[in-house]
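S.K.: my questions concern the predicted model and sequence given below.
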Amino acid sequence: MDSLIYLFKGIYAYCTDFIINLANITGLSYYEVNFVIFIIVYPLLLIITPALYLIQKSRLKKYIIDNNINNTDFIKN
């Protein structure tokens with residue numbers, strides 16, 4: 001259990017240092033960088049990733065239909 005605590009403390013320290021360094025490089029404050037990452041970028045990624053998945057799934061279906069591919073194991077509804 002102690003090794004797990006040590007691991008997560010290290011990850012936390014690394015992430016905090018990364019955000020502090022990013023704030024210093026960009027000239028923003030620590031809180032502004034946190035805002036950009038967790039309020040703007042992360043939610044966009046959460047929305048864009050499933051949308052890209054659905055787009056690619058529909059493209060694959062269209063490709064299979066257009067090319068008369070009989071093996072439909074790729075498409076699972």
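M.R.: Cool, the structure landed. Numbers count the residues shown, from 1 in each chain.
S.K.: check what pLDDT M1 gets.
M.R.: Note on M1: pLDDT of 86.
S.K.: and stretch 41-49, C-alpha only, in PDB?
M.R.: Extracted in PDB, the C-alpha atoms of stretch 41-49 (Å, rounded to 0.1, in the frame of the first residue of the first chain):
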ATOM      1  CA  VAL A  41      -9.700  21.200 -23.400                       C
ATOM      2  CA  TYR A  42     -10.700  18.100 -21.400                       C
ATOM      3  CA  PRO A  43     -14.500  18.500 -22.000                       C
ATOM      4  CA  LEU A  44     -13.800  19.100 -25.700                       C
ATOM      5  CA  LEU A  45     -11.900  15.900 -25.900                       C
ATOM      6  CA  LEU A  46     -14.700  14.100 -24.100                       C
ATOM      7  CA  ILE A  47     -17.200  15.300 -26.800                       C
ATOM      8  CA  ILE A  48     -14.900  15.000 -29.800                       C
ATOM      9  CA  THR A  49     -13.700  11.400 -29.200                       C
END
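S.K.: middle-most residue in this protein, spatially?
M.R.: When Cα atoms, centre = their mean is applied to the chain, the residue found nearest the centroid is L45 (5.2 Å).
S.K.: tell me the gap between whatever helix or strand that residue lives in and the middle of its chain.
M.R.: In this assignment (DSSP states H and E), L45 forms part of helix 42-66. Helix 42-66 sits 15 Å away from the centroid of its parent chain (Cα atoms, centre = their mean, to the nearest Å).
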